[in-house]
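# Kindly generate the corresponding structure for this input.
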Amino acid sequence: MRKGNNPNRSSGAAQYMPIILIVVTHLPNQTGYHAGRMEVVQTCLNTMRDNAGQETTIIVWDNGSSADLRDWLQFEYKPDMLMLSENIGKTAARTSLIRMCPPGSIIGYSDDDILFSKDWLNPQLDLLRSFPNVAVVTGYPVRTAFRWGVENTLAWACKEGILEKGEFLPRQWEDDFCVSIGRDPIWHKENTVDDIDYRVTYKGKHAYCTAHHCQFVGYQETLVKATRYDGRSLGDEKPFDIALDKLGLRLATIDKLTRHIGNVLDSEIKQEAACYITSDQVS
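Got it, this is the predicted structure:
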């Protein structure tokens, strides 16, 4: 039986902006590996929003974090939408976010440990809209990312654009990447000596022929075709990259607009982040 009418019966659904920024967060504690990650997550979210350069809808999916981060998200950061769940794994959370966004929207995805520079979004959108049949664009070019998920992108670039091969990524960018993942830069340089950077020019626009799964923008209806659910906390991202390459082009901006922080804000990144944060929400 039912008594009366649901007072929310006529309520409208949440309204999305045409560009939706989504982030999956996870901070189970603040000890050991996670001791410095509260500041990392805050820096990621603040620089993302402060430097987007336009109005967006921001959605955060929190995977079972401790009370400190959840309180900060709810009462200080205040995204447009906040999902609080047990830890269902990054891949499943990302898949859920992409599938809940409306067709026709542009999605900007980020892990919770990315630093965003000034005007990071517009150059990525420019490539997304200027090249045909783009699957994803990233602002974070990395040399080893040319090793997989580029077959169809390279084939298109060779046929339809001007494809250049060489060593184009600055060494400092690669050293920064190594530091962020705890890899020895000297070992990395020796291990990538035979790697090739691929750069394409199409109708006056330049891009690298690769992308990165930790930060990207793309159309919802394309991204949803590459999503899947799994029960792992940190699943293998290569199948996701390969699937996107089969759906369309995977591109990166010539300028590095985002970078991986790692689990600690060192002095260099703190100094850089201070230039990008305009909000006062980092505690």
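# how about the nearest residue to N87, chain neighbours excluded?
Counting by Cβ to Cβ, 6 or more residues apart in numbering, G64 is the residue found nearest to N87 once chain neighbours are left out, at 3.7 Å. Quick note: C-beta positions are derived from backbone N, CA and C, even for glycine.
# my read: the one you found touches S85, true?
Yes. With contact defined as Cβ atoms under 8 Å, G64 reaches S85; the gap is 6.8 Å.
# What residues does L257 make contact with?
L257 makes contacts with F116, S117, D119, W120, P123, Q124, G139, Y140, as judged by Cβ atoms under 8 Å, 6 or more residues apart in numbering.
# mind checking pLDDT for the residue nearest to N87?
With respect to pLDDT, G64 scores 96.
# count of residues packed around it?
Around G64 there are 15 other residues, counting by other Cβ atoms under 10 Å.
# what sits against it?
H26, P28, S85, E86, N87.
# neighbours around the residue lying closest to G248 once chain neighbours are set aside, how many?
Among residues not flanking G248 along the chain, A135 sits closest, at 3.4 Å (Cβ to Cβ, 6+ apart). Residue crowding around A135 was assessed by other Cβ under 10 Å; the count is 26.
# does A135 sit in a helix, a strand or a coil?
Under DSSP: H, G, I helix; E, B strand; the rest coil, A135 falls in the strand class.
# what sits against it?
So A135 contacts A211, G218, T222, L223, A226, L244, D245, L247, G248, L249, R250 (Cβ under 8 Å, 6+ apart).
# Show me the one in these that has more neighbours than the rest.
The most crowded member of the contacts of A135, judged by other Cβ under 10 Å, is A211 (33 neighbours).
# tell me which element that one falls in.
When elements are assigned from DSSP states H and E, A211 belongs to no helix and no strand.
# repeat for the one 5 residues further on
Under the criterion of DSSP H and E, F216 resides in strand 215-219.
# Give the other helices and strands that that strand contacts.
Strand 215-219 sits against strand 106-110, helix 121-130, strand 134-138, with contacts defined as 3 or more Cβ pairs under 8 Å, 6 or more residues apart in numbering; DSSP states H and E.
# And the ones you listed: which comes nearest A92?
strand 106-110 (13.8 Å; Cβ to Cβ).
# mind exporting that closest one as CSV, just the C-alpha atoms?
Extracted in CSV, the C-alpha atoms of strand 106-110 (Å, rounded to 0.1, in the frame of the first residue of the first chain):
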residue,chain,number,x,y,z
ILE,A,106,32.9,15.5,-23.0
ILE,A,107,34.5,13.7,-20.1
GLY,A,108,37.8,14.6,-18.5
TYR,A,109,39.1,11.8,-16.3
SER,A,110,41.9,11.9,-13.8
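# Which residues does the longest helix seen in the chain contact?
Longest helix in the chain by number of residues (criterion: DSSP state H): helix 37-50. Applying Cβ under 8 Å, 6+ apart, the set of residues contacting helix 37-50 from outside is 21, 23, 25, 27, 30, 56, 58, 60, 68-69, 72, 77, 79, 110-117, 120, 261-265, 269, 273, 276-279, 281-283.
# residue contacts, the spatially most central residue of the chain?
With distances taken as Cα atoms, centre = their mean, Q215 lies nearest the centre of the chain, 1.8 Å away. Contacts here follow Cβ under 8 Å, 6+ apart; on that basis Q215 touches G108, Y109, S110, D111, I114, T138, G139, Y140, T258.
# So which of those residues sits lowest on pLDDT?
Lowest confidence among these: Y140, with 94.
# what's the neighbour count on that one?
Neighbours of Y140 (other Cβ under 10 Å): 26.
# contacting residues for it?
Counted by Cβ under 8 Å, 6+ apart, Y140 has contacts I114, H212, C214, Q215, A252, K256, L257, T258, R259, H260.
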